[in-house]
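Asker: Next come a sequence and a model predicted from it.
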Amino acid sequence: MAVKKPGGLAGIEAGSTAISTVGKDGRGLTYRGYSIEDLAEHGSFEETAYLLIRGKLPNIDELTSYRRKLADASVLPETLKRILELLPSDAHPMEVLQVGCTALGTMEPETAARTTADLADRLIALTGPMLLHWYHYHRGAARAEPPPAVDAAGADAQPSALVITADTDEDDPQADEQQTPAGVSASPTSASADPQDYDFDNYSVAGHFLYLLHGRHAERAAIRVFDVSLVLYAEHEFNASTFAARVTASTLSNYHSCIATGIGTLRGNLHGGANEAVMELITSFETPEEAEAGTRERLTAKQLIMGFGHRVYTVSDPRSDIIKKWSETLSLWAQDGQLYAISEAIEGVMRQEKGLFPNLDFYSASAYHFMGVPTPMFTPIFVISRITGWTAHIIEQRLNNRLIRPSAAYIGPDNQPWVDVHARF
Ligand SMILES: CC(=O)SCCNC(=O)CCNC(=O)[C@H](O)C(C)(C)COP(=O)(O)OP(=O)(O)OC[C@H]1O[C@@H](n2cnc3c(N)ncnc32)[C@H](O)[C@@H]1OP(=O)(O)O
Ligand SMILES: O=C([O-])CC(=O)C(=O)O
C-alpha cells in the first residue's frame, strides 16, 4: 500500500459542509445523505443537480418543470456564439469554457432577481452547447446543416443486454429510434445538427450533449451511461476545484468568477484532467499483455499512472465500480472494445504492485470513448456536471462566510542587507 506524504493540506479539516460525505469507511460517497449507488441506479443528472443546488430531491412536477427550464436555458445567445467563434480552433477546451462562462457572466450578471440557482441552471444547460458550438464551428460544420436522418442500420446487431442492463425509461419515445450500437459508427467531427431541431420535449443534459455532438439522437444506452457519469462527477466535498471555488466565493466575488476558478483548477492532470490522460495511456497499448508490461515499466521509472489513487478514499472509489460496469457494457459493441481489457490489465498491475485502485477518471475515459466522445471533451464534460457541486458549495460558503485565508510557515531567508540597484548581480 502506498504511503501518504505530508503537505497538500492532506487530512486537514478546512471547514464543514452539509453537501456530501467522501470516504466514510474508506469508500463511501453520499450527496445530501443519499448514497451514490442509489443516485446512479435510480436517479438522473437533473434530479442530482436539483438535490445539490436546492437541497432536496424534486417531486415529479418539480422535475418536469426543471427539465423544461434547462431546455429553455440551453439556447446560446447570438453574442456568445460570436465570442466563441473568435477563439482559436486550437484553444484548450477548458479555456474555451472559462471564456464562455465569464462572457455569460458579463451578459447575464448576478442580480437580486437572478438567483444563484438560476445562474447555475443557465450554465449547466449552456456549457455543452458552448463547447460544441466552438468545436463544430472550427470544423466548418457549425451553422446549421439539417441533421442527418437517424441511422438504424445497426438495429439487428444490437444485443438485448444493452437495453436490459440500462435503467432506461420504457416510455421513452426516442427508444425505438436509438438502435445503433454505442459509439461504433460515431463520427463527431463530421456531424452538425441544427440545435433547434433537438427534441426538447424529451430534454436531458446528457441527451442534448450527445445530440449536438453527433448530429443525431443518441442511442438510449449511450444517453443512460452519459447521464450516470454526470451523476458520478457532480460533487465531491472539498476537492481542489471546489475548494478553489469556495476560496473565490469567500472574497465575496461574483458567481461566474467562482465557476471560472473551478474550471481552471479542474483542468490539471492530478484532478479532472486525469480522464484525458488516461485515454492517452490506454491507447498507447495494443494488447492487455503490452499494457501490463508497459505499466510495470512506467512504475519502475517512478511515473504516475493516471486514473489511480485518491487523496481521501483508502479502500476504493465507489464511483469507479459503477462506471467500470458501464464501460464493460459499452465495450461489447465498440470497434476498439479491447481498450476495456487493456484498462483491466493496467488495473491488475496497479493493485498488485502499488495497492492502488482506479478512481472515477480511469474507466470514465473508455466509457466516453466508446460513446464516440472525442478525448478533449472528457474534462469539459466533468465541468458540466461539477457546476452543480461548485454551486452548492458557493451557496453554502456565502451563507456562513468568512474569508478563507490560511497561514504559511515562512521558510525563506531573514535579515537581508539592502543592496543598491546598480550594485546587484
Ligand atoms: C476525479 C479526480 O480528480 S480523482 C484524481 C485524478 N487524478 C489522478 O488520477 C492522477 C494520478 N493520481 C495521483 O497523482 C494521486 O493519487 C492523487 C493526486 C490523486 C492523490 O495524491 P496524494 O493524496 O498526494 O497521493 P500521494 O502522493 O500521497 O501518494 C502516495 C504514494 O503513492 C504514489 N501514487 C499515488 N498515486 C499514484 C499513481 N496514480 N501512480 C503511481 N503512483 C502513485 C505516489 O507517488 C506516492 O508515492 P511516493 O511516496 O513514493 O512518492
Ligand atoms: O476529491 C478529490 O480530491 C478528487 C475527486 O475525486 C473529485 O473531485 O471528484
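Answerer: Cool, the structure landed. Ligands and ions are numbered 1, 2, ... in the order given.

Asker: Extract the residue ranges of the stretch 251-400 of the chain that are flagged as low pLDDT.
Answerer: Across the stretch 251-400 of the chain, nothing is flagged by pLDDT under 70.

Asker: Residues of it that sit close to ligand 1?
Answerer: By the rule CB under 6 Å from any ligand atom, the part of the stretch 251-400 of the chain lying against ligand 1 is 270-272, 274, 304-311, 354, 356, 359-361. For the C-beta atoms, the positions are set from N, CA and C on the backbone; glycine is no exception.

Asker: Mind telling me which residue of the stretch 301-425 of the chain is nearest ligand 2?
Answerer: For the stretch 301-425 of the chain, the nearest residue to ligand 2 under the criterion CB to the nearest ligand atom is Arg311, separated by 4.7 Å.

Asker: if we can go back for a sec, could you pick out the buried ones from the residues of the stretch 251-400 of the chain next to ligand 1?
Answerer: Buried members of those, scored by 16 or more other CB atoms under 10 Å, are 271-272, 274, 305-311, 356, 359-361.

Asker: I'd like to know how far whichever residue of the chain sits closest to ligand 1 sits from Ser316.
Answerer: Residue nearest to ligand 1 within the chain (CB to the nearest ligand atom): Gly309, separated by 2.3 Å. Separation of Gly309 from Ser316 (CB to CB, to the nearest Å): 11 Å.

Asker: Could you tell me which residues touch both of the two?
Answerer: Listed as contacting both Gly309 and Ser316 by CB atoms under 8 Å, 6 or more residues apart in numbering are Phe357.

Asker: show me what contacts Glu229?
Answerer: That one is not Glu; residue 229 is Ser. So Ser229 contacts Ile323, Trp326, Ser364, Ala367, Tyr368, Ile381, Ser385 (CB under 8 Å, 6+ apart).

Asker: Hmm, Ala367 and the first one touching each other?
Answerer: Yes - using CB atoms under 8 Å, Ile323 and Ala367 qualify as a contacting pair, with a distance of 5.6 Å.

Asker: and Glu110, what is it in contact with?
Answerer: Thr116, Leu119, Asn254, Tyr255, His256 are the contacts of Glu110 under CB under 8 Å, 6+ apart.

Asker: if you set the cut-off to 6 Å instead, what comes out?
Answerer: Contacts for Glu110 (CB atoms under 6 Å, 6 or more residues apart in numbering) come out as Asn254, Tyr255.

Asker: For it, give me phi and psi.
Answerer: Main-chain dihedrals, Glu110, degrees, to the nearest 10: phi -70, psi 130.

Asker: How much space separates it from His256?
Answerer: Going from Glu110 to His256 by CB to CB gives 8 Å.

Asker: can you check Ile411 too?
Answerer: From Ile411 over to His256 (counting by CB to CB), the distance is 36 Å.

Asker: now do Asp317
Answerer: Taking CB to CB, one finds Asp317 at 30 Å from His256.

Asker: residues in the protein within reach of ligand 2, list them.
Answerer: Of all the residues in the chain, those lying near ligand 2 are His236, Asn239, Arg311, Val312, Asn359, Leu360, going by CB under 6 Å from any ligand atom.

Asker: you'd agree the fourth one is in a helix?
Answerer: Yep, that's Val312 we're talking about. No - going by DSSP: H, G, I helix; E, B strand; the rest coil, the assignment for Val312 is coil, not a helix.

Asker: For the nearest residue to it once chain neighbours are set aside, what are phi and psi?
Answerer: Nearest residue to Val312, sequence neighbours excluded (CB to CB, 6 or more residues apart in numbering): Gly23, at 4.1 Å. The phi/psi pair for Gly23 (degrees, to the nearest 10) reads phi 80, psi 20.

Asker: Does the residue nearest the centre of the chain lie in a helix or a strand, and which?
Answerer: Most central in the chain under CA atoms, centre = their mean is Phe382, positioned 1.1 Å from the mean C-alpha point. In this structure, Phe382 is located in helix 378-399 according to DSSP states H and E.

Asker: quick one: buried residues of that helix?
Answerer: 378-397.

Asker: which residues are in contact with stretch 361-368?
Answerer: 225, 229, 274-275, 278-279, 307, 320, 323-324, 326-327, 330, 339-340, 343, 378.

Asker: how far does that stretch sit from the chain's center?
Answerer: Relative to the mean C-alpha coordinate of its chain, stretch 361-368 is positioned 11 Å out (CA atoms, centre = their mean, to the nearest Å).

Asker: burial count for Arg319?
Answerer: Neighbourhood size, Arg319 [other CB atoms under 10 Å]: 25.

Asker: mind checking which helix or strand it is in?
Answerer: helix 318-331.

Asker: buried stuff in the next helix-or-strand element following that helix?
Answerer: Using DSSP H and E, the helix or strand that follows helix 318-331 in sequence is helix 338-354. Neighbour counts over helix 338-354 (16+ other CB under 10 Å) mark Gln338, Leu339, Tyr340, Ile342, Ser343, Glu344, Ala345, Ile346, Glu347, Val349, Met350 as buried.

Asker: so which helix or strand takes in the residue lying closest to the fourth one once chain neighbours are set aside?
Answerer: Just to be clear, that refers to Ile342. Take Ile342 and drop its neighbours on the chain: the residue closest to it by CB to CB, 6+ apart is Ala291, 4.5 Å away. Assigned by DSSP H and E, Ala291 belongs to helix 288-300.

Asker: Show me the contact partners of that helix.
Answerer: With CB under 6 Å, 6+ apart, helix 288-300 has contacts from Phe285, Ala341, Ile342, Ala345, Ile346, Val349, Glu353.

Asker: Could you rerun that using 7 Å?
Answerer: Ser284, Phe285, Ile305, Ala341, Ile342, Ala345, Ile346, Val349, Met350, Glu353, Lys354 (CB atoms under 7 Å, 6 or more residues apart in numbering).

Asker: same thing with stretch 389-401?
Answerer: Contacts of stretch 389-401 (CB under 7 Å, 6+ apart): 17-19, 52-53, 116, 120, 234-236, 242, 245-246, 249-250, 255, 258-259, 262.
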